[in-house]
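Student: Return atomic coordinates for the entry below.
(one chain, ligands or ions: 2)
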Amino acid sequence: MSSAHAISAATRLTEHVAKLADEHPPIPLESVDFTVRDPRAFDERFGHVLDYMARVELEVDRNVLELTTMLPDPPEVDRQFYAVWQPQEIHHGKILDEVQVQLGREPADADLDSIGLKLRILGALAHIGAFQDVCRMLYYLTGMATERSAVLAYNLLHRGMLDMGENAIAHTVIGQIKRQEPGHYVFYQLSARALWHELSGWQRWLVRFMRKASFAPVGANNPSQKADFGDVMATLGIGEDSDDFAAQISRVEKELLWARHRGLKVPEYVSRAFHEAAQLARDRAHLPHLHR
Ligand SMILES: [Fe+2]
Ligand SMILES: [Fe+2]
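Tutor: Ligands and ions are numbered 1, 2, ... in the order given. Below you'll find the model as predicted:
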C-alpha cells in the first residue's frame with residue numbers, strides 16, 4: 001500500500017470511530033420495554049439464544065484483556081475503538097441477560113478473566129513488532145467474523161420475535177442492539193483491509209496458517225459451547241444451510257487471504273467448524289448424558 005493510501009485508511013478509521021461514539025452511545029437500560037406476551041413459549045424458543053448472545057456480549061471484557069495481552073502496543077485508533085465498543089457490547093450483554101433473568105432463567109455464565117496459555121505465548125512473541133502485526137491481523141479477522149455473525153443473527157432473531165408477536169423485546173432490545181453491530185463490522189473490515197496490504201509474504205503465510213488452526217464460531221471455545229452454538233443455529237434457521245451463513249461471515253476474509261483460490265465459496269476451516277457445531281448439537285440432543 002502506498003503511504004497516501006495508508007494515510008487515507010487511517011483517516012477513514014478515525015472518522016468512523018468518532019461517528020460510532022457520537023451516534024451510538026451505550027443503550028440505556030431504561031429505554032428497554034421488558035414486556036413479554038407469552039413468557040413460556042418465548043423462553044422455550046429463544047431462551048437459549050438469549051443466553052448464548054448475552055454470554056458472548058459480556059465476554060467482551062475478557063476479549064479486552066486478551067487484546068492487551070496479545071497486542072501490547074496497538075495503534076491509537078484501535079485504543080479509541082475499544083473505548084467506544086466495549087461499553088456498547090457490555091450494555092448489549094446486560095440487557096439480554098436481564099431479559100433472560102426476567103423469564104426466570106439463570107444469568108449467563110460468562111468467562112470474564114481467563115487468558116489461555118496460547119494467548120500468553122502470543123503476547124510474549126508480540127513484543128516483536130513484525131509478529132504483533134500478525135496477531136493484529138488475526139484479531140481483525142476474528143472481529144470481522146464475530147460482528148458479521150452478530151449482524152446476521154440479530155436480524156434473524158428480530159424477525160423470529162416479531163413472528164411470535166413479541167414486539168416489545170423485538171423493537172426495544174434486539175432492534176436497538178442490531179443497529180450498533182454493523183458499525184463494529186465496518187471498523188474491523190477497514191482495519192483488516194488496510195493491514196493486509198502492509199503485511200509481507202511470511203506474515204501473510206503465518207496469518208493463513210494460524211487462522212486455519214484456530215478458527216471457531218463466535219463464543220464456541222469447547223465442545224459444549226460448540227453444541228450450544230449448533231442449537232442457536234438450528235433455532236435461527238441456519239442449521240440446514242450453514243454454508244450460506246459461513247460464506248457471509250467469511251466473505252472479506254476469503255477475498256484477502258485466499259484470493260488465489262478462485263471459485264472457493266467458503267474457506268474450508270470455516271464451513272467445517274459450522275458443520276461440527278451442528279453435529280455436536282444433534283449428538284447432544286440424542287445422547288444428552290454424554291455432554292451435560
Ligand atoms: Fe453486541
Ligand atoms: Fe458488536
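Student: alpha carbons only for contacts and neighbour counts from here, please
Tutor: Noted.
Student: secondary structure element for residue 86?
Tutor: In the assignment (DSSP states H and E), residue 86 maps to helix 76-102.
Student: Pull out the buried positions in that helix.
Tutor: Neighbour counts over helix 76-102 (16 or more other C-alpha atoms under 10 Å) mark 77-78, 81, 84-100 as buried.
Student: now it: how far from the chain's centre is it?
Tutor: Offset of helix 76-102 from its chain centre (C-alpha atoms, centre = their mean, to the nearest Å): 12 Å.
Student: List the buried residues in whichever helix or strand comes after that helix.
Tutor: Using DSSP H and E, the next helix or strand after helix 76-102 towards the C-terminus is helix 117-125. Buried residues in helix 117-125, counted by 16+ other C-alpha under 10 Å: 119, 122-123, 125.
Student: which one of those residues sits closest to residue 244?
Tutor: residue 119 (30.5 Å; C-alpha to C-alpha).
Student: what pLDDT does the closest one get?
Tutor: Predicted confidence (pLDDT) for residue 119: 74.
Student: and the closest residue to it other than its chain neighbours, what does it touch?
Tutor: Closest residue to residue 119 apart from its sequence neighbours, by C-alpha to C-alpha, 6 or more residues apart in numbering: residue 70 at 6.4 Å. Residue 70 makes contacts with 119-120, 122-124, 126, 132, 135, as judged by C-alpha atoms under 8 Å, 6 or more residues apart in numbering.
Student: what do you get if the cut-off is 10 Å, keeping everything else the same?
Tutor: The contact partners of residue 70, taken as C-alpha atoms under 10 Å, 6 or more residues apart in numbering, are 64, 118-127, 132, 135-136, 139.
Student: Next: residue 186.
Tutor: Applying C-alpha under 10 Å, 6+ apart to residue 186 gives the contacts 13, 16-17, 143-144, 147-148, 192.
Student: Redo those as TSV? Include neighbour count, secondary structure and distance to residue 252.
Tutor: Formatted as TSV, the contacts of residue 186 follow (neighbours: other C-alpha atoms under 10 Å; DSSP: H, G, I helix; E, B strand; the rest coil; distance: C-alpha to C-alpha, whole Å):
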residue	neighbour count	secondary structure	distance to residue 252
13	21	helix	17
16	19	helix	19
17	23	helix	20
143	21	helix	12
144	26	helix	8
147	23	helix	13
148	24	helix	11
192	23	helix	9
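Student: residue nearest the centroid of this structure?
Tutor: For the chain, the residue sitting closest to the mean C-alpha position, by C-alpha atoms, centre = their mean, is residue 146 at 2.2 Å.
Student: How about the secondary structure of that residue?
Tutor: Per DSSP: H, G, I helix; E, B strand; the rest coil, the secondary structure class of residue 146 is helix.
Student: quick one, what contacts it?
Tutor: Residue 146 makes contacts with 56, 140, 181, 184-185, 188, 216-219, 249-250, as judged by C-alpha under 10 Å, 6+ apart.
Student: Tell me the helices and strands packed up against whichever helix or strand residue 41 is part of.
Tutor: Using DSSP H and E, residue 41 falls within helix 39-58. Applying 3 or more C-alpha pairs under 10 Å, 6 or more residues apart in numbering; DSSP states H and E, we find helix 39-58 packed against helix 60-70, helix 76-102, helix 129-163, helix 223-236.
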